[in-house]
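**Student:** 3D, please:
(one chain, ligands or ions: 1)
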Amino acid sequence: MSTEASRSPYEDRVVHEYDGIEEYDNHLPRWWLATLYGAVVFALVYWFHYQVFQSGASIQQSFEASMAADRRAAAERVRRAGTITDDALLTLARDPSTLAAGRAQFASTCVVCHGAQGGGGIGPNLTDSAWLHGRRPTQIMHTIMEGVPAKGMQAWGQQLGMERVLAVAAYITTLRDTNVPGGKAPQGDVPTD
Ligand code: HEC
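**Tutor:** All right, here's what the predicted structure looks like:
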């Protein structure tokens, strides 16, 4: 029932009219369309970058990278501070590059007596809970520095120097209580601290 009086200025856009109620085909505002197409383009770029070509770092990867950077920075602070405490050695053990250096040092110098996995051989098992000279990080470091020459464990401090001893001691703290299969029977006692 469209009369002169009810004619709307949008008459040319009327797509449907019933009982004086009109439905218009209005153009979407440009800014709105821009956000829509913008979102579509963004989604495509995002999809190809992260999912299809995987050229972007995933959230997991960036998280791990920033954790590693944090741990490296903490290890640097410990080195600069120069005081060796249990916590300092544990901080070094959390730094991937220190740990890798320690593992490499262990592989080249210590495995002959302590086994490839640290399970022991001529020397004691370093992966159980029993220790002859203490399980605390600083005690382990001390054993490595000074050795137990009478029992066949040489003092490594002179030969390796501080940085390498720190790294290998940090690595050994990560072996504690891992109980690798086929390890040597426990020697010493199980310390409570
Ligand atoms: C020639 C053999 C030999 C080599 C090489 C050797 N160790 Fe040992 N290590 C021993 C022996 C034997 C003992 C046990 C000493 C004792 O009975 O008091 C020992 C003890 C230890 C302990 C103390 C374990 C405990 O129960 O308290 C640590 C830690 C250790 N060694 C680390 C190292 C590291 C790190 C290296 C390499 C830099 C290394 N050892 C190289 C023979 C060796």
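**Student:** contacting residues for the most centrally placed residue in the chain?
**Tutor:** The central residue of the chain, meaning the one whose C-alpha is nearest the mean C-alpha position (Cα atoms, centre = their mean), is residue 64 at 4.0 Å. Listed by Cβ atoms under 8 Å, 6 or more residues apart in numbering, the contact set of residue 64 is empty. The way it works is simple: take the backbone N, C-alpha and C, and place the C-beta from them, glycine included.
**Student:** next one: phi and psi at it?
**Tutor:** Main-chain dihedrals, residue 64, degrees, to the nearest 10: phi -60, psi -40.
**Student:** over to the one 3 residues further on?
**Tutor:** Per-residue torsions, residue 67: phi -60, psi -40 (degrees, to the nearest 10).
**Student:** cool, residue 16 as well?
**Tutor:** Dihedral angles phi and psi of residue 16 (degrees, to the nearest 10) take the values phi -160, psi 130.
**Student:** what does the domain assignment say about this protein?
**Tutor:** Taking automatic domain parsing as the domain assignment, the record places the domains of the chain at 11-52, 61-173.
**Student:** hey, where'd the helices end up in this protein?
**Tutor:** Taking DSSP state H as the criterion, the chain carries its helices at 30-46, 59-81, 86-93, 96-109, 111-114, 137-146, 157-160, 162-173.
**Student:** out of the domains of the chain, which gets nearest to the ligand?
**Tutor:** If you check each of those against the ligand by Cβ to the nearest ligand atom, domain 61-173 wins as the nearest, at 2.9 Å.
**Student:** what's the end-to-end length of that closest one?
**Tutor:** Its start and end residues considered, domain 61-173 measures 26 Å (Cα to Cα, to the nearest Å).
**Student:** distance from the chain centre to that domain, please.
**Tutor:** The chain centroid and the centroid of domain 61-173 are separated by 19 Å, computed with Cα atoms, centre = their mean, to the nearest Å.
**Student:** average pLDDT across that domain?
**Tutor:** Along domain 61-173, the predicted confidence averages to a pLDDT of 96.
**Student:** tell me which parts of this protein are close to the ligand?
**Tutor:** 109-110, 112-114, 122-124, 126, 131-133, 140, 143-144, 148, 151-153, 156, 168, 172, 188 (Cβ under 6 Å from any ligand atom).
**Student:** next up, the contacts around the closest residue to residue 141 other than its chain neighbours.
**Tutor:** Closest residue in space to residue 141, ignoring its immediate chain neighbours: residue 169 at 4.0 Å, by Cβ to Cβ, 6 or more residues apart in numbering. By Cβ under 8 Å, 6+ apart, the contact list for residue 169 reads 89, 102, 137, 140, 141, 144.
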